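K.L.:
Prediction below, plus the sequence it came from.
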Amino acid sequence: MITSPPPHQPVRYPPCPNPDKLALLRAGAQVRRRLAAEPLAEKVPVEAAEIWAIPQFVSPDECARLIQLVDASARPSDLLDQGNGYQGTYRTSYSGDVNRSDPFVQMIERRIDDTLGLPHECGETIQGQRYGPGQEFRDHMDWFWTKAPYWKQEARRGGQRCFTAMIYLNDVEEGGETHFPNIGVTIAPQQGALIVWNNACPDGSLNQDTIHAGRPVVRGTKYIITKWYRTRRWG
């Protein structure tokens with residue numbers, strides 16, 4: 001499921017202020033403690049980033065139901081304008097927020113909240129993503145580049161993204177891996193598996209080594225859901 005080929009030339013974004021550093025440090029410590037006590041959580045053995053995997057986090061039946069919700073909300077994916085001159089990032093998938101008032105969605109959200117030990121009110125609405133053959137999301141980060149024009153709005157509605165929780169909803173015939181280029185870690189889709197990573201370093205600094213990509217699907221269709229957590233109440 002997890003492989004570690006040699007890393008290539010690191011991808012780097014220009015440095016930016018980090019006003020949420022203390023909150024990022026605290027969130028990291030909380031999740032680290034919680035996942036250390038989770039017997040099914042496997043920590044990826046790299047020093048530069050904190051990434052965990054939990055297999056069979058959702059059942060095949062739950063995956064099938066989530067796929068239906070993803071298809072119902074899917075539209076061409078958009079992309080935040082980083083405003084930093086980096087032109088290598090683009091996204092060709094379909095995505096959309098699922099209905100947060102759906103009791104089934106609420107149950108999945110509570111399961112993720114409880115596993116990470118993060119407050120429910122800090123979690124964004126779950127986003128579903130669908131990738132067909134040839135579709136991908138090139139190298140990007142989930143944390144916000146605070147020099148970008150969008151940061152003022154994001155600072156008001158929850159602040160920095162501290163953690164990413166992503167669930168693979170199906171196996172993919174070929175391709176569609178999640179790749180962290182700076183650390184040479186590649187994770188192949190596995191139905192029901194939860195992947196979690198800290199968008200910051202243990203000291204609360206923004207972690208450039210969590211830059212990642214959704215590699216192109218070669219055969220089949222890839223379905224995932226993603227939930228991002230903020231340092232403060234979201235929205």
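P.N.:
That came through fine.
K.L.:
What strand or helix carries the residue positioned nearest the centre of the chain?
P.N.:
Computing the C-alpha centroid of the chain and ranking residues by CA atoms, centre = their mean puts residue 164 first, at 3.7 Å. Residue 164 is located in strand 161-168, with elements delineated by DSSP states H and E.
K.L.:
Who are the contact partners of the residue nearest to the centre of the chain?
P.N.:
When contacts are counted by CB atoms under 8 Å, 6 or more residues apart in numbering, residue 164 touches 142, 196, 197, 199, 210, 226, 227, 228, 229. For glycine as for every other residue, the C-beta is placed from the backbone atoms N, C-alpha and C.
K.L.:
after the lengthiest helix in the chain, next one along is what?
P.N.:
Using DSSP state H, we find that the single longest helix of the chain is helix 21-36. As assigned by DSSP H and E, the chain's next helix or strand after helix 21-36 is strand 42-43.
K.L.:
Next one: residue 129 from residue 217, what distance?
P.N.:
Distance of residue 129 to residue 217, given as CB to CB, to the nearest Å: 11 Å.
K.L.:
do residue 143 as well
P.N.:
The gap separating residue 143 from residue 217 is 25 Å, by CB to CB.
K.L.:
Then residue 172?
P.N.:
To residue 217, residue 172 is 6 Å away according to CB to CB.
K.L.:
List the residues that contact the closest residue to residue 202 other than its chain neighbours.
P.N.:
Sequence neighbours aside, residue 28 is the residue nearest to residue 202 in space, at 5.7 Å (criterion: CB to CB, 6 or more residues apart in numbering). By CB under 8 Å, 6+ apart, the contact list for residue 28 reads 50, 162, 198, 200, 201, 202, 204.
K.L.:
swap in residue 48?
P.N.:
Residue 48 makes contact with 182, 183, 207, 209, according to CB under 8 Å, 6+ apart.
K.L.:
Apply 6 Å and report the result again.
P.N.:
Residue 48 sits next to 183, 209 when contact means CB atoms under 6 Å, 6 or more residues apart in numbering.
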